[in-house]
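Engineer: Using only what follows, build the 3D model:
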Amino acid sequence: MQKLKIKSLNTNDYIQTSKNHIAYLGIELEGYWYNGHEDLKDDSSVQFEDVDSDCNGNCRDNCDCQQYCECIECRACENCDISIYECNCDECMICLDCENHFESCECIIDKICEKLSCVKNDRCDECIESFQENQTLSHNCRMMNNDYNNCCMDCDCECSCECDCNQGVGEIASPKLRVNEVKDFILNNYPDEVNSTCGLHVHMSFKNDKKDYAILATKEFYDFFLSEIQTWADNRKINKNSRFYKRLKGVQYSKREFLAENQLNPNSDYSDRYAHLNFCYNKHKTLEIRVGNMFDNKEISVEYVHAVIDIVNYYLSVNNTKTHTIRFKTNCNTDFLIKASMEWYGLKLYVKSSNYHKLSDNYGIDEKKSCNHKILFYQSMVNHLPIDNQFESLETSFYSEYDQREKIANVNFLKLKGLNNGQNFYIQGMYTDNMIENYMNKLKNTVNYVIEECF
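Structural biologist: Prediction:
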């Protein structure tokens, strides 16, 4: 697959990489609004400490100012974790004359002895020791690229965030938006303050509904998305220590995990939704992307959302759903060809069969009483297979000869006439490739089981 190119966006001109596959978007903005907001909803994950009428200074505890500190006194050695002014690591020791690490010094060693064997490229121990004793050495973590920001807000770069001591913490969610409406919603409703607990969530529904959704509900798309959104951030020169890169690595409410199988299970754990991608089709009919954070600059938040849109549209333009195919012969010599793929309405099954007429007396066909053995076969199927919710899930209930209800792979297509010419039908629901693969693997045994039970 070709690599998607997303340039650094500093204007409002966004790249449209392909046709638009997105029907609607929903944007969730989290933060603190000084004067509240008419659509504000509580969200326990958004935290601005001690937000009340009496400020005690704790309201700034979630401030990220220290991440952007540029004071020299806040730089520390990454080898010994102490101030660069107190560092005594060999890794940071340089020669002040050539500015190389002392072990890689390129200064010329002067000869001090009279030995003939002491030459330029083979100095004797006496000359080398004399040179080392007279080297001008110093520790310089910055020159050796061994320093990092260790700000604790004790420097001149004190927190400049305004007091947050008013109610107005939570999230607001947009109504259904078209792609061209996203920018105005974000700019017109952006919170006054944000911090590391504030996420920027994007919900998407799709024009091809379940077909588009199935293409995205894959580990391949997840890996592609993470790679491309990091490319966008790198091109945009987002601070490497920023909230965005921390969320990209995974945090409590945006875990770096692919959980599509769990999330699309109607009985899934509520906590499964806290992943980078939340496949919440069964609840909202949307894909929720939770990677983003609320940027201090709202224009960057707009750019991030449009980058997400471009990545998703591009992937849907160059990929299609997988077709799963099986062929098998039953114990009664009936041949089946079955193809399955996710389409906009659900899982489409193409079923073609042959040799129903070869069903023997062992399977309940009285050749003397009927000249249309297929009709007898279908009548038996209709009588034995359940008719309720017949095409609504990959599993269906079946009553065995002992009247015990069992869950089996949905083979209600056996009821349908015309299978010898091939016929399409749909099993409703949203299924991943793994779910479909597991279903297809069960079909041969299930078809044999049902036929033997029925006859």
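
Engineer: so Asn278 makes contact with His284?
Structural biologist: No. Using C-beta atoms under 8 Å, Asn278 is not in contact with His284, being 9.1 Å away. All C-beta spots, glycine's among them, are computed from the backbone N, C-alpha and C.

Engineer: So for those two, which sits in the more crowded spot?
Structural biologist: Of the pair Asn278 and His284, Asn278 is the one with more neighbours under other C-beta atoms under 10 Å, namely 22 against 12.

Engineer: my read is the more buried one is in a strand, agree?
Structural biologist: Yes. Asn278 forms part of a strand when assessed by DSSP: H, G, I helix; E, B strand; the rest coil.

Engineer: partners of the residue nearest to it when sequence neighbours are not counted in the sheet?
Structural biologist: Nearest residue to Asn278, sequence neighbours excluded (C-beta to C-beta, 6 or more residues apart in numbering): Glu288, at 3.9 Å. Beta-bridge partners recorded for Glu288 (DSSP bridges): His203, Asn278.

Engineer: count of residues packed around Asn448?
Structural biologist: 17.

Engineer: Tell me how far the nearest residue to Leu29 once chain neighbours are set aside lies from Phe295.
Structural biologist: Spatial nearest neighbour of Leu29, chain neighbours left out: Ile172 (5.4 Å); criterion: C-beta to C-beta, 6+ apart. Going from Ile172 to Phe295 by C-beta to C-beta, to the nearest Å gives 16 Å.

Engineer: same deal with Ala260?
Structural biologist: 27 Å.

Engineer: Between the two, point out the one with more neighbours.
Structural biologist: Taking other C-beta under 10 Å, Ala260 and Phe295 do not tie; Ala260 has more neighbours (27 against 21).

Engineer: wait, the more buried one sits on Phe279?
Structural biologist: Yes. In this structure Ala260 lies within contact range of Phe279 using C-beta under 8 Å: 4.6 Å.

Engineer: between those two, what contacts are shared?
Structural biologist: By the contact definition C-beta atoms under 8 Å, 6 or more residues apart in numbering, Ala260 and Phe279 are jointly contacted by Ala217.

Engineer: ok so the residue nearest to Leu29 is a strand residue?
Structural biologist: Yes. Checked against three-state DSSP, Ile172 lies within a strand.

Engineer: Tell me the confidence at it?
Structural biologist: Ile172 carries a pLDDT value of 94.

Engineer: repeat for Lys5
Structural biologist: Model confidence at Lys5 (pLDDT) stands at 48.

Engineer: Could you list the low-pLDDT ranges of this protein?
Structural biologist: 1-18, 50-64, 154, 156-167, 356-390, 397-405, 452-455 (pLDDT under 70).

Engineer: quick one, helices of it?
Structural biologist: 125-134, 182-189, 210-216, 219-235, 243-249, 260-263, 281-284, 298-318, 373-384, 433-454 (DSSP state H).

Engineer: now for these, which one comes closest to Leu200?
Structural biologist: Comparison of the helices of the chain against Leu200 by C-beta to C-beta identifies helix 298-318 as nearest, at 5.8 Å.

Engineer: how far does the closest one sit from the chain's center?
Structural biologist: 14 Å (C-alpha atoms, centre = their mean, to the nearest Å).

Engineer: Repeat that for stretch 435-442.
Structural biologist: With C-alpha atoms, centre = their mean, you get 24 Å for stretch 435-442.

Engineer: List the buried residues in it.
Structural biologist: Buried residues in stretch 435-442, counted by 16 or more other C-beta atoms under 10 Å: 435-436, 439-440, 442.

Engineer: which of the residues you listed lies closest to Leu137?
Structural biologist: Nearest to Leu137 among the buried residues of stretch 435-442, with distances taken as C-beta to C-beta, is Met435, at 65.1 Å.

Engineer: Quick check, the closest one in contact with Ser393.
Structural biologist: No. At 10.6 Å, Met435 does not count as touching Ser393 under the criterion of C-beta under 8 Å.

Engineer: quick revisit: which of the helices of the chain is buried the deepest?
Structural biologist: helix 210-216 (a mean of 24; mean count of other C-beta atoms under 10 Å).

Engineer: mind checking how far it is from the chain centre?
Structural biologist: The answer for helix 210-216 is 15 Å, by C-alpha atoms, centre = their mean.

Engineer: elements contacting that helix?
Structural biologist: strand 277-280, helix 298-318, strand 335-342 (3 or more C-beta pairs under 8 Å, 6 or more residues apart in numbering; DSSP states H and E).

Engineer: Select, out of the ones you listed, the one closest to Met144.
Structural biologist: Of these, nearest to Met144 by C-beta to C-beta is helix 298-318, at 32.9 Å.

Engineer: need the contact list for Ser354.
Structural biologist: Ser354 neighbours (C-beta under 8 Å, 6+ apart): 334-335, 420.

Engineer: ok, now how distant is it from Thr334?
Structural biologist: 7 Å.

Engineer: and if you look at Tyr68?
Structural biologist: From Tyr68 over to Thr334 the distance is 71 Å, taken as C-beta to C-beta.

Engineer: Equivalent analysis for Lys19, please.
Structural biologist: Distance from Lys19 to Thr334, by C-beta to C-beta: 44 Å.

Engineer: So those two - more neighbours on which side?
Structural biologist: Thr334 (22 against 10).

Engineer: looking at it, that one is touching Asn355, isn't it?
Structural biologist: Yes. Using C-beta under 8 Å, Thr334 makes contact with Asn355 at a distance of 5.1 Å.
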